[in-house]
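[1] sequence isn't available, so here's the structure alone:
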Ligand SMILES: NC(=O)c1ccc[n+]([C@@H]2O[C@H](COP(=O)([O-])OP(=O)(O)OC[C@H]3O[C@@H](n4cnc5c(N)ncnc54)[C@H](OP(=O)(O)O)[C@@H]3O)[C@@H](O)[C@H]2O)c1
């Protein structure tokens, strides 16, 4: 399916995987609404996209822990572009917060961003999709949503939830005879700021956890996201598990 001219919202576009997905979509002529909290990062990305000759994206600074902010992203996007075809539910975070010693606030933040905001965004996107044509929701899950990694903690629980939400939503859309599709992608270790956030910038722990083999880069994940989104209308790629060839599990 040719994506040129379609309209997409990408959450968590200020860094890592979201930024790479935004660049790939822009290169294919997708009109973008990019959102995250860090405005300066969004502006820099918007500048890169425009300088490559693609249409300037709409940038919406928003905190996904605030339900009103999520609503505003979709309102502003509809006002700018007049519709919606794709939602990339990419924003997410992990915190080192095991079950025996984790902080309630860390669990709450992961739950609010990785699970609740993703769910609200699914509902808002479905309301914005064309009733006859439908649209495509792509949730970014994780290998941590398929098996429990050592130190996975509450983060893994939120990604198992993303998997459940994706499958429940697929069934719901089918029951409703909706033309819309929902997919997910489940990356293994990717070099992004995710790990700085997880260890709160503790360089020693970050270095300790960095695999000694070549890991995935954000653009590797973005290439698979494109594959999912470009599938013909009648094809629903449900999940793509992607990890370094050398990753243990
Ligand atoms: N890196 C990995 O190894 C890996 C593996 C599997 C899955 N994933 C998943 O991939 C997705 C992207 O992560 P990444 O690796 O690219 O990490 P990243 O570079 O840290 O990006 C995370 C993105 O989420 C946004 N975000 C976090 N909290 C937010 C909030 N409250 N409101 C709005 N936006 C928020 C961040 O933007 P602001 O800080 O500017 O708000 C940022 O753009 C996540 O869902 C993550 O769980 C990552």
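    Noted; the coordinates are in hand. Values in this document were obtained by computation on a predicted structure and should not be read as measured data. Residues are numbered from 1 along each chain as shown.

[2] name the surrounding residues that touch the lowest-mean-pLDDT helix or strand in the chain.
    Across the helices and strands of the chain, mean confidence by mean pLDDT, DSSP states H and E is lowest for helix 203-209: a mean of 94. For helix 203-209, contacts defined as CB atoms under 8 Å, 6 or more residues apart in numbering pick out 96, 195-196, 199. C-beta here means a position set from N, CA and C on the backbone, and glycine is covered the same way.

[3] list buried residues within those.
    96, 195, 199 (16 or more other CB atoms under 10 Å).

[4] which residue comes closest to the second one once chain neighbours are left out?
    Spatial nearest neighbour of residue 195, excluding adjacent residues (CB to CB, 6 or more residues apart in numbering): residue 206 at 5.2 Å.

[5] that neighbour and residue 235: what is the separation?
    39 Å (CB to CB, to the nearest Å).

[6] between the two, which one's more packed in?
    A direct count of neighbours by other CB atoms under 10 Å for residue 206 and residue 235 places residue 206 higher, at 14 against 11.

[7] what residue is smack in the middle of this protein?
    residue 90 (1.0 Å; CA atoms, centre = their mean).

[8] returning to what we had before: could the contacts of helix 203-209 go into a markdown table alongside distance to residue 47 and pLDDT?
    What follows is the contacts of helix 203-209, written out as a markdown table (distance: CB to CB, whole Å; pLDDT from 0 to 100):
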| residue | distance to residue 47 | pLDDT |
| --- | --- | --- |
| 96 | 34 | 94 |
| 195 | 26 | 96 |
| 196 | 23 | 97 |
| 199 | 30 | 95 |
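
[9] which of those residues lies closest to residue 50?
    Nearest to residue 50 among the contacts of helix 203-209, counting by CB to CB, is residue 196 at 27.9 Å.

[10] got the buried residues for the host helix or strand of residue 22?
    If you go by DSSP states H and E, residue 22 is part of helix 16-27. For helix 16-27, a neighbour-count test (16+ other CB under 10 Å) marks 16-26 as buried.

[11] of those, list those near the ligand.
    Among those, proximity to the ligand is found for 16-18 (CB under 6 Å from any ligand atom).

[12] need these in JSON lines with distance to residue 223, can you?
    Listed next are those as JSON lines, based on distance: CB to CB, whole Å:
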{"residue": "16", "distance to residue 223": "15"}
{"residue": "17", "distance to residue 223": "11"}
{"residue": "18", "distance to residue 223": "14"}
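
[13] sketch out the low-pLDDT regions of this protein for me.
    Nowhere does the chain drop to pLDDT under 70.

[14] tell me where it has helices.
    Counting by DSSP state H, the chain has these helices, from start to end: 16-27, 39-51, 67-81, 104-110, 118-128, 153-175, 194-198, 203-209, 218-229.
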